[in-house]
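A.B. asks: Turn this into a structure:
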Amino acid sequence: MSDDGPAPLDKFFETLYTHRPVDATFIGRHEHDHRLPDWSTGGHEATAAAWAEARNELRARQGQASDTQVLASGDIGRIDTALAISHCDLAIAELEGTHFTRGNPSLATGEVAFAIIGLITRDFLPAAQRGSWLLQRMRRVPSFLAGALTTLRGTAMPSTWRARALREADAVSALLDEGLLHWCRAMALTDELTRALIDAGQLASGAVHGFATALDQLPASEHEVAVCGEEMLALCLKRGHWIDRSLNDLLTEIRIRLDLEQGKLKQMVQETGATSFAEVQARLAERHPAAGDFYAAFGRTWEECRAASDHLVTWPDFPIRYVPIPRWTRMAAPSLYYLFYRSPAPFDEYETYDYVVTPIEGADPERQQQVLRATNDSVIKLNHVVHHGALGHHVQNWYAYRGASRIGQVAAADCACRIAMLQGGTMAEGWACYATDLMDEVGFLTPDERVAEQQTRVRMLARAMVDIELHTHRRSFADSVRLYAEGVGMTPEAARGEAVKNSMFPGTAMMYWLGTQGIHDLRRAVSAREGASFSLKGFHDRLLSHGAIPVAVTSRLMQRGA
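C.D. replies: Numbering: from 1, shown residues only. Just a heads-up that it's a prediction; the model follows:
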């Protein structure tokens, strides 16, 4: 991949990497690996000004052409410029509002956590070099958190966001107090660098503790969560996902589809001989690997998936292996946005990519059974293999990183708390969910696994509905939790966690359904147009080649033959 391109687009990416240095680490741009962002009041103003300057230059390059005209041109450079402008619009809106870094302490604790994790879980350079950058980053933690705290003082804080930040602060402390030493020893760093890192870690840990203590002294909101409001959510829809429909129109369709999919789920449960979805879940939990075969089961299922889907897409040579979560992040991982599959950095080089899973070695028999039942054959197949590590995200990432769109190369990279750009969401998550539908089509799922996948479709629509209704004051937080628990079948803890996450990142939950439905709709349109000459494999290859740009954009390009 090349960074050559028009100067305004270069300026855009430099703004991204300079003002989001932790995101840059996960994208594979390492010139900022020693830095943290500035979330002070002055830092917010400077960042907003930088995005505005980048947007002005991009607009000058685009000229008077509308987005519709840009897409009609089919010119990827012009399309990237338009996508970059839309990202600037969202970035500035976030910085000017109080919903994101100005009002959510969890974003600050998450930033610190993954500023560290990004340098100790990927071998993109020798450990000593990464350790040197980590040392500088940890020494900057006190000033970063102090700046973030001054900004947060101006906003009443929702209780669930505060609680999440405090939980993450404890995880960061565990990472710095114990995990860091494990990493230094595992990497065989020099005594001098190890001592310096441990000292810097203690300094950072103290700052995190002080930040957590200060949160209790900040004004509390009367609400459990904050919502962004209809205007901001509509901006996410239009400028993030490039959807021109109204929120009301989408919500009407979502409600109709949710009713239909819930009815289908009930029918499918009955067809398996079960009386409830919970009974199907219980059966699936009983079908799991033996403890001694746990890690091998992932790789074996991956090979089966590839063989069963070889005719559906041109598979890349992008090896992956399933390994336990590293010892140095295990204590912190459960309380953080710690993904089993975190997308490979677009600009790093890999021979084999590590997909981490819950460790089972050393656990007592009771704990082993808990892990095995939770990570049963169905979860391994549907989630860890099809959706994430095989046909879904991993294949899509390979195509994106080699695509012509510079935005599409990086937009869906997993960063500290979310993907790099909302514009990448409908393709990344839409394709991964669509991939599971594909494997259902070709008979890769057992009857009970098909029921589990149908329940996932119900959950996807429920999340899209909550995304809209919560942020437009149509549904309360309590009602959102209740819907997830009673209407979708989540555990109370998972239901509450999902609703909190929905509140923090407007426009994110809906992208799964928007993307999946968009790909299905596009496939039908292209198939109808091409008739007997339609190739499903060719369609998928063309779709993926556009990279992680909005499905709505790719759809318009492919329907005009691009």
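
A.B. asks: low-confidence ranges in this protein?
C.D. replies: For the chain, the stretches flagged by pLDDT under 70 are 1-6, 562.

A.B. asks: Which parts of it are strands?
C.D. replies: 320-324, 353-357 (DSSP state E).

A.B. asks: and of the ones you listed, who's closest to residue 163?
C.D. replies: Nearest to residue 163, of all these, is strand 353-357, at 25.9 Å by Cβ to Cβ. All C-beta spots, glycine's among them, are computed from the backbone N, C-alpha and C.

A.B. asks: Just the residues contacting the closest one, thanks.
C.D. replies: Contact with strand 353-357 is made by 295, 298, 318-326, 340-341, 344, 375, 384, 388-389, 394, as judged by Cβ atoms under 8 Å, 6 or more residues apart in numbering.

A.B. asks: Mean neighbour count, the strands of the chain: which tops it?
C.D. replies: strand 353-357 (a mean of 20; mean count of other Cβ atoms under 10 Å).

A.B. asks: just to revisit the earlier point, selection in PyMOL covering whichever of the contacts of strand 353-357 are buried, please.
C.D. replies: Here is the PyMOL command that selects the buried residues among the contacts of strand 353-357 (16 or more other Cβ atoms under 10 Å):
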select buried, resi 295+298+318+320+322+324+325+326+340+341+344+375+384+388+389+394
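
A.B. asks: Among the contacts of strand 353-357, which are located in helices?
C.D. replies: 295, 298, 394 (DSSP state H).

A.B. asks: would you list the strands of the chain in a markdown table and tack on distance to residue 498?
C.D. replies: Below are those laid out as a markdown table (distance: least, Cβ to Cβ, whole Å):
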| stretch | distance to residue 498 |
| --- | --- |
| strand 320-324 | 25 |
| strand 353-357 | 21 |
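
A.B. asks: of all these, which lies closest to residue 216?
C.D. replies: Smallest distance to residue 216 across the strands of the chain (Cβ to Cβ): 33.2 Å, for strand 353-357.

A.B. asks: If I take the closest one and strand 320-324, what angle do their directions form?
C.D. replies: Orientation check (axes from the mean of the first three to the mean of the last three Cα atoms, to 10 degrees): strand 353-357 against strand 320-324 gives 40 degrees.

A.B. asks: Which residues does stretch 401-412 contact?
C.D. replies: Against stretch 401-412 from outside (Cβ under 8 Å, 6+ apart): 1, 3, 5, 9, 13, 27, 76, 79-80, 83-84, 87, 343-344, 346, 396-397, 400, 419-421, 423-425, 427-428, 545-549.

A.B. asks: Which among those count as buried?
C.D. replies: 9, 13, 27, 76, 79-80, 83-84, 87, 343-344, 346, 396-397, 400, 419-421, 423-425, 427-428, 545-549.

A.B. asks: Run a quick neighbour tally on residue 422.
C.D. replies: Counted with other Cβ atoms under 10 Å, residues neighbouring residue 422 total 27.

A.B. asks: could you measure the closest residue to residue 89 other than its chain neighbours against residue 338, distance?
C.D. replies: Excluding the flanking residues, the one nearest residue 89 by Cβ to Cβ, 6 or more residues apart in numbering is residue 239, at 4.8 Å. Distance, residue 239 to residue 338, by Cβ to Cβ, to the nearest Å: 29 Å.

A.B. asks: Between these two, which is the more surrounded one?
C.D. replies: Taking residue 239 and residue 338 together and counting by other Cβ under 10 Å, residue 239 has the greater number of neighbours (22 against 18).

A.B. asks: Let me know whether the more buried one touches residue 88 as I believe.
C.D. replies: No - contact between residue 239 and residue 88 fails when scored by Cβ atoms under 8 Å: they sit 9.1 Å apart.

A.B. asks: Domain parsing of this protein, as residue ranges.
C.D. replies: Segmentation of the chain into domains, based on automatic domain parsing, reads 7-215, 232-559.

A.B. asks: what distance separates the start and the end of the last one?
C.D. replies: Which is domain 232-559. One end of domain 232-559 sits 30 Å from the other (Cα to Cα, to the nearest Å).

A.B. asks: who's sitting farthest from the centroid in this structure?
C.D. replies: residue 532 (37.4 Å; Cα atoms, centre = their mean).

A.B. asks: Quick check: it vs residue 438, distance?
C.D. replies: 21 Å.

A.B. asks: Equivalent analysis for residue 463, please.
C.D. replies: 21 Å.

A.B. asks: and if you look at residue 528?
C.D. replies: Separation of residue 528 from residue 438 (Cβ to Cβ): 19 Å.

A.B. asks: ok, the two, which is more surrounded?
C.D. replies: residue 438 (22 against 9).

A.B. asks: From what I see, the more buried one and residue 312 are in contact.
C.D. replies: Yes - using Cβ under 8 Å, residue 438 makes contact with residue 312 at a distance of 5.8 Å.

A.B. asks: shared neighbours, those two?
C.D. replies: residue 391.

A.B. asks: how many neighbours does residue 466 have?
C.D. replies: By other Cβ under 10 Å, 26 other residues sit near residue 466.

A.B. asks: residues contacting it?
C.D. replies: Shown in contact with residue 466 (Cβ under 8 Å, 6+ apart): 475, 480, 483, 484, 499, 502, 509.

A.B. asks: For these, pick the one with the most neighbours.
C.D. replies: Within the contacts of residue 466, residue 499 tops the neighbour count with 29 neighbours, counted by other Cβ under 10 Å.

A.B. asks: where does it sit relative to residue 475, distance-wise?
C.D. replies: 10 Å.

A.B. asks: do residue 545 as well
C.D. replies: 39 Å.

A.B. asks: Please work out how many residues are found near the nearest residue to residue 516 once chain neighbours are set aside.
C.D. replies: Leaving aside its chain neighbours, residue 516 sits nearest to residue 433 (4.2 Å; criterion: Cβ to Cβ, 6+ apart). Using other Cβ under 10 Å, residue 433 has 24 neighbouring residues.
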